[in-house]
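In: Any chance you could fold what I've pasted below:
(chains A and B)
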Amino acid sequence: MLKQLVALLIVATTILCTKAIRAQSSHIDPIKSIVEYALASSIDGYDEAEELSAHFESLLLHPVVFSDTTKENLDRLLILSDFQIGSVADYIRQFGIIKSAGEIQLIPGFDQELAELIAPFILLEKPATRLFSIKDIANARVQATGRAAVTLQRAKGYYDTTSNRFKGSPFQEAIATNIAVARGTAAHFHAKKDAGEAGRLSKGFFDSFGASIQMDRPTKNISKIVVGDYRISFGQGLMLSSSYDISSVADPTLQNRKSRLTASRSMNESNFYRGAALEAVAHPYSFTIAYSAKSADGHLSNSDSCKAVKVTTGLHRNEKELQDRSNIFEQMLAARAACQVAKSKVAASYMHSSQQISGTSTSTNLAALDFESKSKGLLIFGEIVSDLRTSNTLKLGATTRISPQAFFTASYKHKSKSTPIGVKSSIGSSQSLYDDESFYAGIKVTPQYGLTAIAYAELYSYKYPKYLVSAPSDGFEAGASLSGKIGTSIECKVRFRHKQGATDIQQMQGNASLTERTKSNRGDMVAKYNINKNAQLTIGTSTGTFKTERQPLIIGYMLYTEGSLSVKKPSIKLYARFTAFDTESWDVALRSYENDLPGMYSTALLYPKGTRAYLMLRYTPSKSVNLWLKVAETVYSEETVSFGQGLDMIEGNRKTEVKMQATLEL
Amino acid sequence: MRFKREVKTFVMGLLLTLPLSFFCIQAKSQSKNESFVNGGRTAALGGAYATLDDFWSMMVNPANLSGLNHPLEAGAAHKNHYLTKEISSTSVALATKLQHFNSSISISRYGISSYNQGIAAIGVGKQLSKKVSLGVKLCYSYIQASEKNVSVGAFSGEVGVKAFINKRLTVAAHIANPTHQSIGIEQQEELPSCLTIGSCYKTPYGFTLFVDTFKPANNPLSVSCGVEWSPYKSFTARSGFCSAQGSLTFGIGYSANRFNLDIATSRHPALGYSPLVSTSFWFNRNKR
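Out: The predicted structure follows:
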C-alpha cells in the first residue's frame, strides 16, 4: 500500500513539475534553511551575516522597524537572507502588519528559534504613544494547528508481553493555538500525545500541555511580561540559560551571548520554565525577575563516570516511564539588574534554584556579574558566576574588527565547580557549572558580498572525569568553513572540522580507568542551485572519520540530492530528498537535517547503511488554510534485521513515517 | 574576467564531485549493475552517464530525454563481458518526441537461454525550463531460470533531474528504485537501489570532463570519471575510469547524417576486456 502511495507521489511530482512551467510569480519557501538555522548545528545558516554580536549591540539601542520592509532596513539584522527579507515583504503585503513577536515564525522562511533570535532587535511597527488597550483584543488573529504522525512499522514496545508494553496507540497527536493581539500581545496553548502514550479522556485524549501569554510593552516601563511557559537566559548563559544557544555555532561573531526572555511555544516537554517573568526598563536601568515552579519527569542515573545524572525523556508510554512522571520538582527564582551607559552595559544577577528528586532535595544560590562594552571596532564581553561559597566560573571574550570585512574573536572559559548532579537531558535549567577550561579563537572574513570564510580553534581540558571518560582529559577542536555564491544562482558551502579528545578504553568498576586519544574529522559540502523563483536543486555530501589509538580508521559518508518546487495554481509547494548513506560505526553516524512540518525539526540519524527519502507537500486551498503531508522512509541494507534499541527496536530494515498537519488562520 | 568566470565554473564542478573521490580507494566492490548495456559512450567514459545527452544515456537517466533532438530515434547495443561467449547482453531502444514531453522504451537482456534476466522500461522526460529537465521511468525487471522453472518479475521506478547551470557546466541526479522494490516469490532479492550525482564540464579547450558519484544502497560509493575529445566534427575519442571495478575504459564514436556509432571497451584488472558496440539511427535531417 505504501509503495503504491510512494509511486503515486512520484507520478504526482511529475505532473506538478509539468504544471510548474506555467507558474510565474510564486517563490520558494525556504523551510530547509529554517530548520538548519534552528538546529544551529552548522555555520551554514549565516551566509549573509557580516557581523552579529557587535552590530546587535547597537540594534538593541536602535531596533529595526520590522514593518519597514525595505531591504536596506531589514538588512541591518544581518542574519536575514535576501529571500527572508522578501518573505517579510510578501507576508506583510498579504496579511498586514505583524502583531506579535510570536507571529514572526509564521512568515515563510522564519521559525520560532529565528523569531526568538531577532525579536529583541526589532520593533514590529513604528513606536506609537498609545499603550495597550482592551480594544486591541478585537483585532486578534488566531491560528489553530492540528498534527498527527505515525510510524507504520511497530516498535517492540507495542507488542512486548511484560509491563514494559506501551499503553497507547502509535499515533503522535498534537494541537496548538496561537492568538496574536495588537500591541505585541500573544497567547499560546498546545496539547500533545506522543506515540505510545495513552491519551486520557479526562485530559481530552492528550498527555501533556503547555500555555503562555506574552505582552510586549504593556506599559511605559514594563517592556515584557510572560506568564506560563517561557525561556530565559542571562548574560553569557553561565548561570541561567534555557534559550537558544547561538554561541554553540563556531561563528566568531556569535560568541557573545545575549540575555533573552521569550514565551515558550515549543512542544518540547523539558527545556522551559513555568511561572512568570517580567522585564522592566527605566533608562538607563533595566530589571528582570523570573519565577518558576514545575514538576518534571525523570530519575537519577549513575551511568555517568563521575556523578549522578538526571535523566528525562518526557515519555509516558509504559509503567516504568510513568513512575518517573512528575518525579522531580523544581523551583527557580532569578533576578537581574542592568545598567547601560552609552555602548557599555553591566548587569548583576542572582538565582536561587532548588530541586527535589526521589525525596532528595538540593538547592543552589548563584550570583553573577556580566558585562559588555563596545568601543570603535572592539567588543568586550564576559560573565563571572559565583556560588557564594568557594567556586567561581568565568567567561571572558573579545571581538575585534580587524578590517571592515574581518572579525576576530577570542574567549576564555574557566569553570571550577563539579556539580553533584549533571543534566543529561535539560529540565528547563542549564546549570552549566561543570568542570572545564577552554580557550577559543576564531576569525571570520567576508571579502565580498556573498562570500564568507571562517576558521576557528578551541583548546579545552577537563579536570575531572566526565561521561565516558574516567580520567582527566584534554583536547582541541579546529574547523574552517567557506560559503559563498558562484554567479547569481548557486550557493556553495564547504565545512571541515577536526577534533581530538579522549575516551575510555575500559570502564570496570574498581579498576583504574585507562583512556586513549581519539581523532575525528567531519566535513560537509552543499551546493544549492536556485533554478528560478519556483525551484531549487541541492546536492550535498557529508563525511566523517574516527580513529583511536587502538582502533583503525573508520569512515562514514552520505550523499544526497534535494529539490523544492512551488506552484501557484493550485497553491502547492513540494519538497523531495533522497539520501544514500554508509557508516561503519556509531562514531561516524551522520545527521541529516531535513524539512519537516512547521514546528517540527527532523534530524534523522543515519547509521549504518541504506537510503532515506522523503516527500513533503504543502497545499494551500485558501488564504487561511494550510495542509501539510510528509512521507519519509528509511531503508537499511539487506543484512539489517532490526534497528533501534530497547522498546524502540523495529524488526526488519524499513522505517516509514507519515506526518500530517493542518493550520487554520482566522 | 572571462578567465575568472571559467575558474569559478570549474571550481564549482570540482566542489560537486571531487571531494568524494578519495572514497575510490576503498570502493572496490561491484557496486553497479553492469549487466546491462548503457551505451558505448557511457562505457568509454568509465560508466559516467548522469549528464550525457546521447541516445543511450537517455535510456538510463530519463532526465536526459529532454536532449532528444529528433522526432524518432532507435538504437541497438551489444556487450560481451570479459570476452566470454556465454556472458553477453543486448539492448534495443526507441525514443520519440511527443507533444508535451519526450518518451522512450527500451528492452535489455542479459544471459543465456537457461538463465537470463532483463529490464523493460518506459521513460518520459521534459525540459521544464531553460535550466532544468526532469524525467521518470517505470521499469519491469524479470529473471528466468528454465532449469529450475523460475520466472519472476517486479516493477520499480526511477527519477532523474538535470540542471544546466551555464553553457559549460551541467549537473544531474538520478535515483533508481527509491522504494527498494524486490524481485522473487519465496526468496526475495532487492533490485538495485542507488543515487547517482554527476557533473559535466565543457572546457574551453575542446574537451569535456565527466564525473559521476554513484552510491548503491547496499554497496560502497564509487566514482566514474571520463574525458571526451572531438578532434573532428564527427569523430570523438573517449577514456575513463571506474573505481567500483578499478577498471580503465576507452572508446571512440562516429556520427554521420543519420546514425551514430560508438565502440568502447573496459579492462578489468583480473577478468580482462569487455568490448561493447552501440548504434542509433534517427529519422529526420536535423543535425545531431
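
In: can you tell me which helix or strand residue A:118 belongs to?
Out: For residue A:118, the element it lies in under DSSP states H and E is helix A:112-118.

In: Kindly tell me how buried residue 269 is, as a neighbour count.
Out: You didn't say which chain, so I picked chain A. 22 (other C-beta atoms under 10 Å in any protein chain shown). Quick note: C-beta positions are derived from backbone N, CA and C, even for glycine.

In: That was the other one, I meant chain B.
Out: Neighbours of residue B:269 (other C-beta under 10 Å): 10.

In: Tell me the confidence at residue 235?
Out: Went with chain A since none was named. pLDDT for residue A:235: 85.

In: ah, I was thinking of chain B
Out: 94.

In: Report the contact partners of the spatially closest residue to it that is not a sequence neighbour.
Out: Leaving aside its chain neighbours, residue B:235 sits nearest to residue B:254 (5.8 Å; criterion: C-beta to C-beta, 6 or more residues apart in numbering or on different chains). By C-beta atoms under 8 Å, 6 or more residues apart in numbering or on different chains, the contact set of residue B:254 is B:234-236, B:260-262.

In: give me that answer again for 7 Å
Out: B:234-235, B:261 (C-beta atoms under 7 Å, 6 or more residues apart in numbering or on different chains).

In: hey, C-alpha coordinates of the helix or strand hosting it in CSV?
Out: Using DSSP H and E, residue B:254 maps to strand B:247-255. Listed in CSV are the C-alpha atoms of strand B:247-255, where the atom choice follows Å, rounded to 0.1, in the frame of the first residue of the first chain:
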residue,chain,number,x,y,z
SER,B,247,38.8,-0.6,-14.5
LEU,B,248,40.1,1.7,-17.2
THR,B,249,37.9,2.3,-20.2
PHE,B,250,38.3,3.8,-23.6
GLY,B,251,36.4,4.1,-26.9
ILE,B,252,35.6,6.1,-30.0
GLY,B,253,32.5,7.5,-31.5
TYR,B,254,31.5,8.4,-35.1
SER,B,255,28.5,10.4,-36.0
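
In: Tell me the strands beside that strand, with direction?
Out: strand B:235-242 (antiparallel), strand B:259-268 (antiparallel) (DSSP bridges).

In: quick one: contacts of the first one?
Out: I take that to be strand B:235-242. With contact meaning C-beta under 7 Å, 6+ apart, strand B:235-242 is reached by B:41, B:44-48, B:222, B:224-231, B:248-254.

In: and with 8 Å instead?
Out: Contacting residues not belonging to strand B:235-242 are listed as B:32, B:41, B:44-48, B:210, B:222-231, B:247-255, B:264, B:266 [C-beta under 8 Å, 6+ apart].

In: Okay, buried residues for stretch A:319-333 please.
Out: Neighbour counts over stretch A:319-333 (16 or more other C-beta atoms under 10 Å in any protein chain shown) mark A:321, A:324, A:327-328, A:330, A:332-333 as buried.

In: Could you tell me the average pLDDT over stretch A:650-666, please?
Out: 92.

In: And residue B:150, how far from residue B:143?
Out: Distance of residue B:150 to residue B:143, given as C-beta to C-beta, to the nearest Å: 7 Å.

In: Kindly apply the preceding question to residue A:178 instead.
Out: From residue A:178 to residue B:143 the distance is 56 Å (C-beta to C-beta).

In: more crowded one of those two?
Out: residue A:178 (22 against 17).

In: Strand partners (parallel or antiparallel) of the helix or strand where that one lies?
Out: Assigning secondary structure by DSSP H and E places residue A:178 in strand A:171-181. Strand pairing for strand A:171-181, using DSSP bridges, gives strand A:141-151 (antiparallel), strand A:185-193 (antiparallel).

In: Residue B:126 should be in a strand, yeah?
Out: Yes - according to DSSP: H, G, I helix; E, B strand; the rest coil, residue B:126 belongs to a strand.

In: Please report the distance of it from residue B:161.
Out: For residue B:126, the distance to residue B:161 - C-beta to C-beta - is 11 Å.

In: what do those two both touch?
Out: B:133-135.

In: which residues of the stretch 501-650 of chain A fall in strands?
Out: A:514-530, A:535-548, A:554-567, A:572-583, A:590-594, A:602-606, A:609-622, A:625-636, A:642-643, A:650-651 (DSSP state E, counting those that start in this stretch).

In: On the pLDDT front, check residue A:25 for me.
Out: Looking at residue A:25, the pLDDT reads 34.

In: Residue B:62 is in contact with residue B:162, isn't it?
Out: No - the criterion here is C-beta atoms under 8 Å, and residue B:62 misses it with residue B:162 at 9.6 Å.

In: Now do the contacts for residue A:282.
Out: Residue A:282 neighbours (C-beta under 8 Å, 6+ apart): residue A:221.

In: Show me the beta-bridge partners of it.
Out: residue A:285.

In: How about the one 10 residues further on?
Out: With DSSP bridges applied, the residues forming beta bridges to residue A:292 are residue A:275, residue A:332.

In: how near is it to residue A:343?
Out: Separation of residue A:292 from residue A:343 (C-beta to C-beta): 32 Å.

In: between these two, who's got more neighbours?
Out: When neighbours are counted by other C-beta under 10 Å, residue A:292 and residue A:343 differ, and residue A:292 comes out ahead with 22 against 16.

In: Go ahead and confirm residue B:264 touches residue B:247.
Out: No - at 11.6 Å, residue B:264 and residue B:247 do not qualify as touching, with contact defined as C-beta under 8 Å.

In: Could I get the pLDDT score of residue 185?
Out: Using chain A. pLDDT, residue A:185: 78.

In: not quite, I wanted chain B
Out: 79.

In: on that earlier part again, export the strands paired with strand B:247-255 to JSON lines and append columns for distance to residue A:356.
Out: As requested, the strands paired with strand B:247-255 are exported to JSON lines (distance: least, C-beta to C-beta, whole Å):
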{"stretch": "strand B:235-242", "distance to residue A:356": "65"}
{"stretch": "strand B:259-268", "distance to residue A:356": "70"}
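
In: Switch the ones you listed over to a markdown table; also include mean neighbour count.
Out: Formatted as a markdown table, the strands paired with strand B:247-255 follow (neighbours: other C-beta atoms under 10 Å in any protein chain shown):
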| stretch | mean neighbour count |
| --- | --- |
| strand B:235-242 | 21 |
| strand B:259-268 | 20 |
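
In: ok, residue B:130 - contacts?
Out: residue B:164.

In: Contact partners for the residue sitting nearest the centre point of chain B?
Out: Most central in chain B under C-alpha atoms, centre = their mean is residue B:49, positioned 3.6 Å from the mean C-alpha point. Neighbouring residues of residue B:49 by C-beta under 8 Å, 6+ apart: B:38-39, B:42, B:57, B:60-61, B:64, B:174, B:196, B:198, B:212.
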